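[1] Provided below for reference: sequence and predicted model.
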Amino acid sequence: MNALIIDDEIDICYLLQGILLSKNISSDHVNSISEAKYALQETNPGIVFLDNHLPDGRGVDFISYCKKNNPGAVVIMLTAYDTPDDRRKALAEGADFFIAKPFSREAIFHTINTLL
């Protein structure tokens, strides 16, 4: 299984890559929606970790694009802006999971274990 991390915070990308690697999940990361469009086509990830606030748009508005272009992918919204409205909107747009930042290793493991 492979994953795509879409987050503009490079430290989050590296942290999440390390957590995923410990579960034998390879991953790539990009830092914007425009980069993500290309990466989704090239990598066809099974899991997409998607930040909500990116330099060129909102992740919640990109969920439907992810689902349309990678129908089998699980989309996990990762955001520091964990409001009930954001959570509802993300799930309504098709996100499979919603994890608030800062996240713990255990939260990621729990989500991965739920998927597998």
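    Thanks, I have the structure now.
[2] Next, the residue nearest the centre of the chain: secondary structure please.
    Closest to where the C-alpha atoms of the chain average out (C-alpha atoms, centre = their mean) is Phe49, at 1.1 Å. Three-state assignment for Phe49 (DSSP: H, G, I helix; E, B strand; the rest coil): strand.
[3] One more: Ile99?
    In three-state terms, and counting by three-state DSSP, Ile99 is strand.
[4] Pull the number of nearby residues for it.
    18 (other C-beta atoms under 10 Å). No exception for glycine: its C-beta is placed from N, CA and C like everyone else's.
[5] That one and Tyr38: what is the separation?
    Distance of Ile99 to Tyr38, computed by C-beta to C-beta, to the nearest Å: 25 Å.
[6] returning to what we had before: for the residue nearest to the centre of the chain, give me its contacts.
    Contacts for Phe49 (C-beta atoms under 8 Å, 6 or more residues apart in numbering) come out as Ala3, Leu4, Ile5, Ile6, Asp7, Leu16, Ile76, Leu78.
[7] separation between Ile112 and Asp61?
    25 Å.
[8] Of the two, which one has the most company?
    Ranked by neighbour count (other C-beta under 10 Å), Ile112 and Asp61 place Ile112 first, with 20 against 13.
[9] Would you mind giving the orientation angle of the helix or strand that that one is a member of with respect to strand 47-51?
    Take DSSP states H and E as the rule and Ile112 turns out to sit in helix 105-115. Computed with axes from the mean of the first three to the mean of the last three C-alpha atoms, to 10 degrees, the direction of helix 105-115 lies at 140 degrees from that of strand 47-51.
[10] name the helices or strands packed onto helix 105-115?
    Packed against helix 105-115, as judged by 3 or more C-beta pairs under 8 Å, 6 or more residues apart in numbering; DSSP states H and E, are the following elements: helix 10-21, strand 97-100.
[11] In three-state terms, label Ser34 for me.
    For Ser34, the secondary-structure state derived from three-state DSSP is helix.
[12] wouldn't it be in contact with Leu54 here?
    No. Under the contact definition of C-beta atoms under 8 Å, Ser34 does not touch Leu54, with a separation of 9.2 Å.
[13] More neighbours: which of these two?
    When neighbours are counted by other C-beta under 10 Å, Ser34 and Leu54 differ, and Leu54 comes out ahead with 21 against 13.
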